[in-house]
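Chemist: Got a predicted structure plus its sequence, pasted below:
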Amino acid sequence: MFGFAITATFVSYQLLTDSPSPIQRDSALMAVFVVLCPPSLLSVAFDPEVGTNNYYFLWTVIALLNAGLYATVRALVSRRLQRPD
């Protein structure tokens with residue numbers, strides 16, 4: 001759920017700071033989002049227009065990939081911590 005929530009926050013930030021918005025995008029914050037959501041780099045390859053059906057479909061796929069990434073990391077860390085030395 002954490003990976004999905006990060007992606008949802010990222011998409012919300014993009015929608016709030018879209019070009020007609022008076023709020024400007026912060027480059028440092030965008031970089032933090034890219035670090036926390038590595039699958040978001042897929043959006044660069046496809047580059048859908050903000051607010052279209054393709055945009056929401058792509059970001060749904062990115063959210064699922066990011067959630068899977070965080071679930072995998074959690075499972076690996078849990079397994080590592082449960083092993084006796």
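Modeler: Happy to help now that I have it.
Chemist: Can you give the distance of the lowest-mean-pLDDT helix or strand in the chain from its chain's centre?
Modeler: Least confident helix or strand of the chain, by mean pLDDT, DSSP states H and E, is helix 42-46 with a mean of 87. Between the centre of helix 42-46 and the centre of its chain there are 12 Å (C-alpha atoms, centre = their mean, to the nearest Å).
Chemist: And that helix, what does it pack against?
Modeler: Counting contacts by 3 or more C-beta pairs under 8 Å, 6 or more residues apart in numbering; DSSP states H and E, helix 42-46 packs against helix 53-82. For glycine as for every other residue, the C-beta is placed from the backbone atoms N, C-alpha and C.
Chemist: Pull out the buried residues from the helix it packs on.
Modeler: By 16 or more other C-beta atoms under 10 Å, the buried positions in helix 53-82 come out as 55, 58-59, 62-63, 65-67, 70.
Chemist: what does the least confident helix or strand of the chain contact?
Modeler: Outside helix 42-46, the residues within contact range by C-beta atoms under 8 Å, 6 or more residues apart in numbering are 54, 58-59, 61-62, 65.
Chemist: give me that answer again for 7 Å
Modeler: With contact meaning C-beta atoms under 7 Å, 6 or more residues apart in numbering, helix 42-46 is reached by 58, 62.
Chemist: again, but for stretch 60-70
Modeler: Residues contacting stretch 60-70 (C-beta under 7 Å, 6+ apart): 1-4, 6-8, 37-40, 42-43.
Chemist: For PyMOL, what selects the buried ones among the residues you listed?
Modeler: One line in PyMOL is enough to select the buried ones among the contacts of stretch 60-70; burial here means 16+ other C-beta under 10 Å:
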select buried, resi 3+4+6+7+37+39+40+43
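Chemist: okay, the contacts of stretch 60-70 in TSV with secondary structure next?
Modeler: Below are the contacts of stretch 60-70 laid out as TSV (DSSP: H, G, I helix; E, B strand; the rest coil):
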residue	secondary structure
M1	coil
F2	helix
G3	helix
F4	helix
I6	helix
T7	helix
A8	helix
C37	coil
P38	helix
P39	helix
S40	helix
L42	helix
S43	helix
